[in-house]
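K.L.:
one predicted model, sequence on top.
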Amino acid sequence: MELVYNRTPNAPTGLAIDSCYTSCASPAAVRSGTPQIRATVSDPDGGVLRAEYEVFNSAGTTRLAASGSTVTGVSSGSARWWRIVPSAGGALPTGTYQWRARACDSWTCGAYSGWFVFEVVPDDLTLPTVSGNPYAEMSAGTWNGGPGQAGTFTFGPNGASNVTEYVYQLNGGNAVTVAAGT
């Protein structure tokens with residue numbers, strides 16, 4: 001006699017969204033109407049899972065997009081990105097939305113994650129101006145500076161009057177926040 005058991009996958013954790021610019025945590029603000037989202041899925045039995053994503057309006061009453069069974073082969077304890085493409089096609093218009101995820105194994109699906117709220121605001125903020133010495137923009141076709149050569153950078157508000165800080169990151173390092181005017 002052989003006994004086969006299956007425990008329900010865990011509710012996903014580590015919810016994230018790309019193309020964010022003021023906050024990447026819920027509630028996030030994103031520039032793209034087709035951002036990518038991800039969640040870490042896991043199962044107490046390990047193995048390979050399917051991640052299912054659902055995107056709703058701000059009230060959580062109308063489902064606008066769903067991954068269905070397209071995000072497969074996700075190892076327990078890992079995450080896989082999925083691009084939001086509304087069922088009607090195109091992109092999500094400016095507005096507030098929420099999404100959630102769940103993990104499924106070959107037999108059953110687990111509980112949904114909590115809601116992740118995000119706002120699509122493609123034209124709300126302008127990118128700051130950035131100038132550097134010796135790292136000037138490569139518009140003339142020549143590279144400036146090099147490995148081990150220090151540089152200074154100046155950020156400007158690019159017409160925005162309510163800038164209080166700038167956040168920058170280099171080559172995947174830690175994000176650094178500086179106050180405007182410093």
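P.N.:
Done, it's in. Here the structure is a predicted model, which is why all the values come from computation and not from measurement.

K.L.:
isn't Gly90 up against Ile84?
P.N.:
No - applying C-beta atoms under 8 Å, one finds Gly90 not in contact with Ile84, separated by 11.0 Å. C-beta here means a position set from N, CA and C on the backbone, and glycine is covered the same way.

K.L.:
between these two, who's got more neighbours?
P.N.:
Ile84 (24 against 9; other C-beta atoms under 10 Å).

K.L.:
can you pull the contacts of the more buried one?
P.N.:
Counting by C-beta atoms under 8 Å, 6 or more residues apart in numbering, Ile84 touches 34-37, 53, 55, 65, 92, 99.

K.L.:
dump these into CSV; add pLDDT as well.
P.N.:
Below are those laid out as CSV (pLDDT from 0 to 100):
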residue, pLDDT
Thr34, 94
Pro35, 95
Gln36, 96
Ile37, 97
Tyr53, 98
Val55, 98
Ala65, 96
Leu92, 95
Trp99, 98
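
K.L.:
show me just the buried residues among those residues.
P.N.:
Neighbour counting over the contacts of Ile84 (16 or more other C-beta atoms under 10 Å) leaves 35, 37, 53, 55, 65, 92, 99 as the buried ones.

K.L.:
related to what we said a few turns ago, closest to Pro12 out of the contacts of Ile84?
P.N.:
Tyr53 (9.3 Å; C-beta to C-beta).

K.L.:
what helix or strand is the closest one located in?
P.N.:
Taking DSSP states H and E as the definition, Tyr53 sits inside strand 48-57.

K.L.:
so in that sheet, which strands flank that strand, and in what orientation?
P.N.:
When pairing is defined by DSSP bridges, strand 48-57 lines up against strand 63-66 (antiparallel), strand 71-75 (antiparallel), strand 95-104 (antiparallel).

K.L.:
now do the buried residues in that strand.
P.N.:
By neighbour count on 16+ other C-beta under 10 Å, the buried set for strand 48-57 is 49-56.

K.L.:
just how off-centre is it within its chain?
P.N.:
Between the centre of strand 48-57 and the centre of its chain there are 14 Å (C-alpha atoms, centre = their mean, to the nearest Å).

K.L.:
can you show me the CA trace of that strand as PDB?
P.N.:
Extracted C-alpha coordinates of strand 48-57, given in PDB (Å, rounded to 0.1, in the frame of the first residue of the first chain):
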ATOM      1  CA  VAL A  48       7.200  23.100  -8.900                       C
ATOM      2  CA  LEU A  49       4.100  25.400  -8.800                       C
ATOM      3  CA  ARG A  50       2.000  27.600 -10.900                       C
ATOM      4  CA  ALA A  51       1.500  31.300  -9.800                       C
ATOM      5  CA  GLU A  52      -1.900  32.800 -10.600                       C
ATOM      6  CA  TYR A  53      -2.300  36.600 -10.700                       C
ATOM      7  CA  GLU A  54      -5.600  38.600 -10.700                       C
ATOM      8  CA  VAL A  55      -5.900  42.300 -11.300                       C
ATOM      9  CA  PHE A  56      -9.000  44.200 -10.200                       C
ATOM     10  CA  ASN A  57     -10.400  47.700 -10.100                       C
END
